[in-house]
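Enquirer: Below: sequence and its predicted model.
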Amino acid sequence: MKKPILFIFMVIFAMVVISFPAHARFGMKEGGFGKGGIGIPPGKWWKTARIKEALPLTKEEIEKMDIMYLEHRREMINLRGEMAKERLEIEYLLDTSPFNAPASMERFKKLQEATQKMAFTRFGFLVKIRELLGLERFQKLKEEFRRYKTKWKQGKSRGRRDKTPAG
């Protein structure tokens, strides 16, 4: 009797962990992967005045980034939908009687695969940006974003917050 209950609690715990958005777990909203992040801002940072000034971008580069961003967003929307469907299926399996542990584990595996696919997609976008900018401008972008984050955190600690990530 204790083993099925323990298993159910483990699955529920896993669902709670994976129900947080992937960008929260990987630090994407703060600009990267892991605790400190890789250090690039989210969104269309190349449209902000601060970045335009720091990184001279050609019209062709801007157009390329616009297209890459649109394709990336479309893919991320599909992946979020895939993850939501898998979470729904897991919830359903956990709420059914009799409980089907192997089916629940299989669905959980599919959810983990979708989560991993999302992380690879994000990183793939970052790699494309790095290739387009080259090392020097990529480093400048990271530095500008670090400056912004520092300024934003100082303002937040004083009760203020800027609205734009890099501008």
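Expert: On my side now, so go ahead. On a predicted model such as this, the values are computed, not experimentally measured, just so you know.
Enquirer: Only C-alpha atoms from now on, for both contacts and neighbour counts.
Expert: Will do.
Enquirer: tell me what the helix of greatest length in the chain is packed against?
Expert: Longest helix in the chain by number of residues, with DSSP state H as the criterion: helix 101-157. Contact partners of helix 101-157 among helices and strands, from 3 or more Cα pairs under 8 Å, 6 or more residues apart in numbering; DSSP states H and E: helix 22-26, helix 49-54, helix 59-95.
Enquirer: cutoff 10 Å now
Expert: Packing partners of helix 101-157 (3 or more Cα pairs under 10 Å, 6 or more residues apart in numbering; DSSP states H and E): helix 2-19, helix 22-26, helix 49-54, helix 59-95.
Enquirer: Least confident of the ones you listed, on average?
Expert: Mean pLDDT values for those show the minimum at helix 22-26, a mean of 39.
Enquirer: Contact partners for residue 127?
Expert: Contact analysis of residue 127 by Cα atoms under 10 Å, 6 or more residues apart in numbering lists 121, 133.
Enquirer: same thing but at 6 Å, please
Expert: If you count contacts by Cα atoms under 6 Å, 6 or more residues apart in numbering, residue 127 has none.
Enquirer: That one and residue 70, how far apart?
Expert: Distance, residue 127 to residue 70, by Cα to Cα, to the nearest Å: 16 Å.
Enquirer: cool, and residue 114?
Expert: Applying Cα to Cα, the value for residue 114 to residue 70 is 20 Å.
Enquirer: residues near residue 87, how many?
Expert: 20 (other Cα atoms under 10 Å).
Enquirer: now it, nearest residue through space, not along the chain?
Expert: Excluding the flanking residues, the one nearest residue 87 by Cα to Cα, 6 or more residues apart in numbering is residue 111, at 7.0 Å.
Enquirer: number of nearby residues for the one you found?
Expert: Neighbours of residue 111 under the rule other Cα under 10 Å: 22.
Enquirer: ok, now the one 3 residues further on?
Expert: A count of neighbours around residue 114, defined by other Cα under 10 Å, yields 19.
Enquirer: From residue 141, how far off is the closest residue to it other than its chain neighbours?
Expert: Using Cα to Cα, 6+ apart and skipping the chain neighbours, the partner closest in space to residue 114 is residue 83 (6.0 Å). Per Cα to Cα, residue 83 is found 31 Å from residue 141.
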